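Chemist: Coordinates only, no sequence provided:
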């Protein structure tokens, strides 16, 4: 299996980024998250302003501005630039060889040009709240609301270029729950799948 890309989608605070990094290390391939993709974009000469929008945020403000002011095309232009910037940066990364990309709608953006293995990482809400509160000082109720909002944003962001199936099992090669399975075991299963497919 040549030129494959493992695309990791994840619920907020489920440990998906950590799984992706562990998997890349296990397979000996490159790993990309938002920070590294942003760095690559700058090296490619993509203007910094575009990356104010290069994040997993909903497109409500973009859509709202167009509906309220049909003559205000700046947001529409910027949105188009963002999608194209994502495509260029992620394609450039994938062309170097097999890699893991976390988030950024990578599976939908790359699926026509690369062999995509899409993985979704989720976890029970109580587990995610506990993980979030390890690093943030707030009460459980506020943490729950924040996590649920982040999930809604990720869903809206993904579905903007996807098919409305963010987090649905039938949309991915495989799905895992980190509150029910150790990350090391998840990495082992995915790596085994990749290695057998490459034989």
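Modeler: Perfect, I can see it now. What you are looking at is a predicted structure, and each value in this text was computed from that prediction instead of being measured. Numbering: from 1, shown residues only.
Chemist: quick one: low-confidence ranges for this protein?
Modeler: For the chain, the stretches flagged by pLDDT under 70 are 1-2, 46-82, 161-164, 199.
Chemist: Would you map the helices across it?
Modeler: With DSSP state H, the ranges of helices along the chain come out as 16-27, 34-43, 60-68, 74-95, 106-110, 125-133, 140-161, 183-197.
Chemist: most packed of the ones you listed?
Modeler: helix 106-110 (a mean of 24; mean count of other Cβ atoms under 10 Å). Backbone N, C-alpha and C define where each C-beta goes, glycine included.
Chemist: Verify the stated contact: residue 94 with residue 114.
Modeler: Yes: here residue 94 reaches residue 114: they are 5.1 Å apart, a contact under Cβ atoms under 8 Å.
Chemist: list residues touching both of those two?
Modeler: By Cβ atoms under 8 Å, 6 or more residues apart in numbering, residue 94 and residue 114 have these common neighbours: 3, 5.
Chemist: quick revisit: the helices of the chain into CSV, with extra columns for distance to residue 174?
Modeler: Listed next are the helices of the chain as CSV, based on distance: least, Cβ to Cβ, whole Å:
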stretch, distance to residue 174
helix 16-27, 11
helix 34-43, 23
helix 60-68, 31
helix 74-95, 19
helix 106-110, 12
helix 125-133, 19
helix 140-161, 17
helix 183-197, 7
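Chemist: who are the neighbours in contact with the spatially most central residue of the chain?
Modeler: Closest to where the C-alpha atoms of the chain average out (Cα atoms, centre = their mean) is residue 103, at 0.6 Å. Residues counted as contacts of residue 103 (Cβ under 8 Å, 6+ apart) are 8, 9, 10, 16, 17, 33, 34, 56, 154.
Chemist: What separation do you get for it and residue 90?
Modeler: For residue 103, the distance to residue 90 equals 11 Å [Cβ to Cβ, to the nearest Å].
Chemist: before we move on, back to that, can you tell me which of the contacts of residue 103 is nearest residue 26?
Modeler: Distance to residue 26, by Cβ to Cβ, is smallest for residue 8 among these, at 13.5 Å.
Chemist: and the closest one, what does it touch?
Modeler: Contacts of residue 8 by Cβ under 8 Å, 6+ apart are 16, 17, 19, 20, 23, 100, 101, 102, 103, 119, 120, 121.
Chemist: ok, 10 Å please
Modeler: With contact taken as Cβ atoms under 10 Å, 6 or more residues apart in numbering, residue 8 is in contact with 16-21, 23-24, 31, 33, 100-104, 106-107, 117-121, 172, 190.
Chemist: Over to residue 118?
Modeler: Going by Cβ under 10 Å, 6+ apart, the list of residues near residue 118 reads 5-9, 106-108, 110-111, 171-175.
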